[in-house]
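1. 3D model of this:
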Amino acid sequence: MENKPKTLILLDGNALIHRAYHALPPLTTKKGETVQAVYGFTMTLLSVLEKFRPDYIAASFDLAGPTFRDELYADYKATRQKAPDDLYAQIPKVKEMTQAFNIPIYELAGYEADDCVGSIAKQAGAAGVEVIIVTGDNDALQLVDERISVFSIRKGLKDLVLYDRTAVEAKYGFGPELLPDYKGLAGDTSDHIPGVPGIGAKGATDLLREFGTLENIYVHLGDVKESLQKKLEAGRESAILSKKLGTIDTAAPVTLVLADCVTHDFEQEKVAALLRECEFFSLLKKIPGQSIVRIEESAGRTRSTKVVQKKMKKGMEISAWLEEVKGRGVALVLSDETDSLFGGIGITEIEFAADENTQVTVEWNEETKEILTAFFEHPKRPKIVFDSKAAMHRLMREGILLAGVARDVSLMDYLLDAGSR
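-> Residues are numbered from 1 along each chain as shown. Got it, this is the predicted structure:
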């Protein structure tokens with residue numbers, strides 16, 4: 001039986017930071033540090049670890065300063081609006097989070113993160129490793145081949161598409177290897193790549209489907225319809241330059257060391273400490289390899305306990321458990337498709353714990369909602385909540401009034417910190 005190839009995840013760091021920053025509402029810690037880009041990046045990282053369970057993982061970031069593309073074309077990215085200062089301020093924390101997971105970072109002066117990702121991806125593919133590039137930038141689609149696919153985060157952080165060769169062809173009408181040629185003809189306004197004036201997206205697509213590469217179009221220029229011939233001839237130099245600007249360098253001087261990229265070879269408590277520092281308490285339970293990190297950790301306790309985890313989706317199950325723990329305080333965390341900090345589009349599950357030995361995860365559906373509504377609205381059923389105000393708003397959107405909050409862990413944490421100052 002043939003062994004399944006190992007998998008490498010490559011994180012396009014800057015693209016993910018920009019996507020997260022613009023997809024999520026502003027989020028600050030109680031110390032005033034802006035962290036929504038850090039949160040979005042971390043959530044994406046944890047999600048891909050869970051979804052793909054890769055053997056290896058690495059990340060790449062842009063370095064400040066000009067690249068070889070700026071030397072080729074002084075106006076490269078000249079029209080791109082400068083990112084807000086509070087976005088740039090989050091990059092060091094994103095890198096710190098990446099390093100806490102013991103994920104190697106590849107950066108190269110004079111090159112963009114795309115070039116590092118492309119070069120590493122091709123090296124891994126040549127070694128027989130399957131590669132998944134995680135990015136919010138479609139430029140990476142030109143790298144897709146039999147070993148390399150692209151996990152693209154499009155609108156927000158929830159519109160996700162895994163592109164293989166077939167998916168790229170379905171999207172553009174030609175193969176991934178022709179995407180630089182497409183930029184040579186159509187240009188790219190986001191990077192201020194000029195292309196050939198007057199050709200446009202449809203014209204570029206039609207030409208590439210008929211003639212293949214940009215070079216072949218010019219070899220057979222006499223066969224192109226007359227209305228386009230003059231435009232192509234006048235824009236020949238611009239087309240060649242634009243293709244160079246739009247081509248990811250897959251031979252950049254960077255060397256992949258797979259042994260450094262082994263997944264899950266990290267200190268879980270170091271990651272947990274950083275998540276607590278950023279106040280990403282709902283992400284603690286998502287750390288790979290963790291059985292549970294209890295809600296009390298957010299109030300300064302750092303002990304982890306091996307527990308029994310139960311999943312429930314039937315009303316009778318949760319009803320019986322609530323009866324079993326009647327009279328005790330119940331800790332709970334609400335989760336949706338994003339996170340309790342961001343409102344999201346609706347509750348998907350709720351985690352409960354009434355002691356150190358059992359964690360109960362309840363699927364949110366019509367049946368369990370009916371049972372839990374009575375529990376949430378009962379003033380004499382004590383509840384331990386992180387950020388009771390956010391929990392109240394979340395439940396109100398479901399038509400539920402939260403009562404009986406015995407402790408708000410986030411408020412306790414704030415008061416403890418205030419006392420220490």
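2. And the strands in the stretch 1-150 of the chain?
-> Per DSSP state E, counting those that start in this stretch, the stretch 1-150 of the chain carries strands over the ranges 7-12, 56-60, 105-106, 130-135, 148-153.
3. pretty sure residue 311 is in a strand, no?
-> Yes - membership of residue 311 in a strand is supported by DSSP: H, G, I helix; E, B strand; the rest coil.
4. Can you tell me the element residue 384 falls in?
-> strand 383-385 (DSSP states H and E).
5. ok, then the element right after that strand?
-> The C-terminal neighbour of strand 383-385 among helices and strands, as given by DSSP H and E, is helix 388-396.
6. got the contact list for residue 116?
-> Residue 116 is in contact with 60, 106, 107, 108, 252, 254, counting by C-beta atoms under 8 Å, 6 or more residues apart in numbering. Every C-beta, even on glycine, is put in place using the N, C-alpha and C of the backbone.
7. which one is the residue nearest the centre of the chain nearest to, not counting chain neighbours?
-> Nearest to the mean C-alpha position of the chain, by C-alpha atoms, centre = their mean, lies residue 44 at 3.0 Å. Nearest non-adjacent residue to residue 44, counting by C-beta to C-beta, 6 or more residues apart in numbering: residue 16, 5.8 Å away.
8. hang on, that neighbour packs against residue 134?
-> Yes - between residue 16 and residue 134 there is a contact under C-beta atoms under 8 Å: 6.9 Å.
9. got a pLDDT number for the closest residue to residue 49 other than its chain neighbours?
-> Excluding the flanking residues, the one nearest residue 49 by C-beta to C-beta, 6+ apart is residue 288, at 5.4 Å. Reported pLDDT at residue 288 in the predicted model: 75.
10. Residue 352 now?
-> Looking at residue 352, the pLDDT reads 86.
11. Check which residues of the helix or strand it falls within are buried.
-> In this structure, residue 352 sits in strand 347-353 according to DSSP H and E. Residues of strand 347-353 classed as buried: 347, 349, 350, 351, 352, 353 (neighbour count, 16 or more other C-beta atoms under 10 Å).
12. that older thread, how many other residues sit next to the residue nearest to residue 44?
-> Look at residue 16: counted by other C-beta atoms under 10 Å, it has 26 neighbours.
13. need the contact list for it.
-> Counting by C-beta under 8 Å, 6+ apart, residue 16 touches 40, 41, 44, 134, 135, 136, 153.
14. mind listing the strands for the stretch 301-421 of the chain?
-> Using DSSP E, counting those that start in this stretch, strands in the stretch 301-421 of the chain cover 308-312, 330-336, 347-353, 358-363, 383-385, 405-408.
15. of all those strands, which lies closest to residue 90?
-> Residue 90 sits nearest to strand 330-336 of all the strands of the stretch 301-421 of the chain, at 23.0 Å, using C-beta to C-beta.
16. what angle sits between the closest one and strand 347-353?
-> Interaxial angle, strand 330-336 versus strand 347-353 (axes from the mean of the first three to the mean of the last three C-alpha atoms, to 10 degrees): 160 degrees.
17. Tell me the strands beside strand 330-336, with direction?
-> strand 347-353 (antiparallel), strand 383-385 (parallel) (DSSP bridges).
18. Show me the helices in the stretch 151-300 of the chain, by range?
-> Secondary structure of the stretch 151-300 of the chain (DSSP state H, counting those that start in this stretch): helices at 165-172, 179-186, 200-211, 214-219, 226-234, 236-246, 268-277.
19. just checking, which of those helices sits deepest inside the structure?
-> Comparing those by mean neighbour count (mean count of other C-beta atoms under 10 Å), helix 179-186 comes out on top with a mean of 25.
20. who touches that one?
-> Residues outside helix 179-186 that contact it (C-beta under 8 Å, 6+ apart): 139, 141-142, 168, 172, 174, 193, 195-196, 199-201, 203-205, 207-208, 213-214, 217, 239-240, 242-243, 245-248.
21. from the chain's centre, how far out does the strand holding residue 384 sit?
-> The chain centroid and the centroid of strand 383-385 are separated by 30 Å under C-alpha atoms, centre = their mean, to the nearest Å.
22. Rounded mean pLDDT for that strand, please.
-> pLDDT averaged over strand 383-385 gives 86.
23. what comes up buried for it?
-> Buried residues in strand 383-385 (16+ other C-beta under 10 Å): 383, 384, 385.
24. Let's have the residues you listed in TSV, adding distance to residue 7.
-> Shown next, in TSV, are the buried residues of strand 383-385 (distance: C-beta to C-beta, whole Å):
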residue	distance to residue 7
383	41
384	39
385	38
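25. of those, closest to residue 125?
-> residue 385 (47.7 Å).
26. from what I can see that closest one touches residue 329, true?
-> No - under the criterion of C-beta under 8 Å, residue 385 is not in contact with residue 329, lying 10.3 Å apart.
27. Report the set of residues contacting both of these two.
-> Listed as contacting both residue 385 and residue 329 by C-beta under 8 Å, 6+ apart are residue 407.
28. Buried residues, stretch 317-332. List them.
-> Buried, per 16+ other C-beta under 10 Å, within stretch 317-332: 317, 318, 319, 321, 322, 325, 330, 331, 332.
29. pretty sure the second one is in contact with residue 370, am I right?
-> No - distance between residue 318 and residue 370: 9.9 Å, which falls outside the contact criterion (C-beta under 8 Å).
30. JSON lines for the strands paired with strand 330-336, including distance to residue 112?
-> Formatted as JSON lines, those follow (distance: least, C-beta to C-beta, whole Å):
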{"stretch": "strand 347-353", "distance to residue 112": "37"}
{"stretch": "strand 383-385", "distance to residue 112": "44"}
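31. Show me the one of these that comes nearest residue 395.
-> If you check each of those against residue 395 by C-beta to C-beta, strand 347-353 wins as the nearest, at 8.0 Å.
32. Output that closest one as PDB, nothing but the C-alphas.
-> The C-alpha trace of strand 347-353 is given here as PDB (Å, rounded to 0.1, in the frame of the first residue of the first chain):
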ATOM      1  CA  ILE A 347     -24.100  30.400  18.500                       C
ATOM      2  CA  THR A 348     -22.800  27.100  17.400                       C
ATOM      3  CA  GLU A 349     -21.900  25.400  20.600                       C
ATOM      4  CA  ILE A 350     -21.600  26.000  24.400                       C
ATOM      5  CA  GLU A 351     -19.000  24.500  26.700                       C
ATOM      6  CA  PHE A 352     -19.900  23.800  30.300                       C
ATOM      7  CA  ALA A 353     -18.000  22.700  33.400                       C
END
